[in-house]
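Q: next comes the sequence, and after it the predicted model I'd like to discuss.
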Amino acid sequence: MHTIRMRLSIMMFLQFFIWGGWFVTLGTFLAQNLDATGSQIGMAFSTQSWGAIIAPFIVGLIADRYFNAERILGVLHLVGAALMYGLYLAGDFATFYPLVLLYMILYMPTLALVNSVSFRQMADPSREFARIRVWGTIGWIVAGLAISFAFSWDSPQAIGAGLLRNTFLMCAFASLILGIYSFTLPGTPPKAGTGGSSTLKSLVGFDALTLLKDRNYAIFFIASILICIPLAFYYQNANPFLVEIGVANPTGKMTLGQVSEVLFMLLLPVFIHRFGIKKTLLVGMFAWALRYVLFAYGNSGDLVFMLLTGIALHGICYDFFFVSGQIYTDAKAGERFKSSAQGMITLATYGVGMLIGFWVAGHITEYFARADGHAWQSIWLFPALFALGVFVLFLLTFKGKRPAKESVGTSPT
């Protein structure tokens with residue numbers, strides 16, 4: 001069992017090393033090296049959302065029915081390695097965009113596949129999965145530290161010399177390794193009886209729409225989509241912002257967000273049990289507004305601590321809203337709709353919500369572009385006010401119960 005756990009941990013490490021190794025610096029690379037506009041950068045980031053929308057069809061209609069999960073994982077990462085190399089070679093946005101779109105359509109299903117491979121090897125996933133999944137976060141952190149401190153690809157000199165594109169080469173190599181490694185993982189065949197038992201409606205979570213008849217859940221569902229709009233600003237603009245204002249080793253410093261994510265994940269069950277789901281969700285939403293205010297008024301000099309604090313708030317922003325939202329969804333769904341409900345909320349947030357968010361972030365960023373850079377304070381105040389508006393809307397409309405009476409589940413996995 002210890003050997004299997006180690007093998008799964010390596011899989012998770014590589015899975016998120018690949019994602020963190022290029023996605024964090026994508027906006028900087030596109031703006032600085034491919035002269036992309038804000039709208040074009042938004043288009044590139046929105047490929048994550050298109051991948052999230054298409055992923056259930058690939059996993060549900062192919063992987064869950066006909067082929068071993070680890071083999072599909074291997075094939076997708078091997079093709080991904082070739083596409084990553086193509087991104088490394090791309091010399092303009094017109095060449096870059098179709099490659100990154102195809103890559104994300106293939107990559108997003110692998111997030112579900114690594115979970116499937118892991119769960120099928122565990123006797124008690126609620127206890128064992130977190131110890132495996134944390135290595136994915138460590139992989140993301142290591143990728144960021146390597147970019148900033150080992151290779152210095154995100155320094156102004158390196159960016160000017162075009163060295164930031166090496167992140168794609170690094171991730172192509174890692175994807176090649178994971179693609180080959182996947183074929184050595186424990187066999188994860190399709191579950192017996194899945195050949196026709198699931199409808200297309202259930203695979204993408206649409207049969208869980210009945211949950212929206214519950215007023216509280218409908219309010220949470222709408223808030224989840226809306227809060228993804230300010231979320232997109234962080235993914236798209238944080239690294240270019242830090243680079244442009246002259247923060248040293250920006251990608252490495254952004255890994256503070258993943259470190260805090262691990263710490264606050266441990267605190268989340270305690271907070272939910274003591275304060276209830278409504279207060280937990282509100283803390284997560286308010287953290288988004290606070291983070292962007294810190295970004296708006298911080299700088300790379302004497303107020304750099306404000307920027308670092310904003311980055312470190314990532315754990316609260318993500319865990320207290322998105323992870324607690326998954327727990328809340330699981331509790332509301334019951335046994336009948338557990339899987340389809342998670343598919344529905346994922347499709348709504350990472351799919352529809354962030355697709356809208358990246359579009360909005362791209363246009364706002366382009367609107368506040370200046371000859372010498374960007375009016376970052378104005379850019380960051382937009383998602384700050386938007387997140388605050390969602391916070392107030394949720395505060396006034398969502399009817400929370402007493403913490404002791406509120407059933408929210410026990411595991412963030």
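A: Received the coordinates, thanks.

Q: Y318 contacts E261, correct?
A: Yes. Using Cβ atoms under 8 Å, Y318 is in contact with E261, at 5.8 Å. All C-beta spots, glycine's among them, are computed from the backbone N, C-alpha and C.

Q: go ahead and confirm I54 touches I105.
A: Yes. Here I54 reaches I105: they are 5.3 Å apart, a contact under Cβ under 8 Å.

Q: which secondary structure elements does the strand or helix carrying M344 sit against?
A: Using DSSP states H and E, M344 falls within helix 324-346. Counting contacts by 3 or more Cβ pairs under 8 Å, 6 or more residues apart in numbering; DSSP states H and E, helix 324-346 packs against helix 200-203, helix 215-244, helix 256-275, helix 277-297.

Q: averaged pLDDT, that helix. What do you get?
A: For helix 324-346, the mean per-residue pLDDT is 77.

Q: before we move on, what about stretch 168-185?
A: 97.

Q: try stretch 110-126
A: 82.

Q: distance from it to the middle of the chain?
A: Here the centre of stretch 110-126 is set off from its chain's centre by 18 Å, with Cα atoms, centre = their mean, to the nearest Å.

Q: what residues sit buried inside it?
A: By 16 or more other Cβ atoms under 10 Å, the buried positions in stretch 110-126 come out as 110-119, 121-122, 125.

Q: list the contacts for E70?
A: Counting by Cβ atoms under 8 Å, 6 or more residues apart in numbering, E70 touches L113, V117, S182, F183, L185, P186, G187, T188.

Q: in a helix, it, correct?
A: Yes. Counting by DSSP: H, G, I helix; E, B strand; the rest coil, E70 is found in a helix.

Q: relative to A143, how far out is F321?
A: As for F321, its distance to A143 is 24 Å (criterion: Cβ to Cβ, to the nearest Å).

Q: then I41?
A: The value you get for I41 to A143, if Cβ to Cβ is used, is 20 Å.

Q: neighbour count winner among those two?
A: Remark: of I41 and A143, A143 carries more neighbours, 29 against 26, as counted by other Cβ atoms under 10 Å.

Q: thought the more buried one was touching G21?
A: Yes. Between A143 and G21 there is a contact under Cβ under 8 Å: 3.8 Å.

Q: what residues do those two have in common as contacts?
A: Contacts common to A143 and G21, judged by Cβ under 8 Å, 6+ apart, are M170.

Q: can you pull the poorly scored residue ranges out of the stretch 301-413 of the chain?
A: By pLDDT under 70, the low-scoring segments of the stretch 301-413 of the chain are 334-339, 401-413.

Q: for the stretch 101-250 of the chain, that is, sorry about that
A: Applying pLDDT under 70 to the stretch 101-250 of the chain flags the ranges 126, 191-207.

Q: mind running it again at 50?
A: 194-197 (pLDDT under 50).

Q: quick one, helices of it?
A: 125-145, 156-160, 166-182, 200-203, 215-244, 250-254 (DSSP state H, counting those that start in this stretch).

Q: tell me the most buried of those helices?
A: helix 250-254 (a mean of 25; mean count of other Cβ atoms under 10 Å).

Q: contact partners for P186?
A: For P186, the contacting residues are I4, R7, E70, V117, R120, Q121, by Cβ under 8 Å, 6+ apart.

Q: mind running it again at 7 Å?
A: P186 makes contact with I4, Q121, according to Cβ atoms under 7 Å, 6 or more residues apart in numbering.

Q: now it: how far from F322?
A: For P186, the distance to F322 - Cβ to Cβ - is 29 Å.

Q: just to revisit the earlier point, turn the contacts of E70 into TSV, columns for distance to A161.
A: TSV is the format used below for those (distance: Cβ to Cβ, whole Å):
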residue	distance to A161
L113	37
V117	40
S182	35
F183	37
L185	39
P186	44
G187	46
T188	44
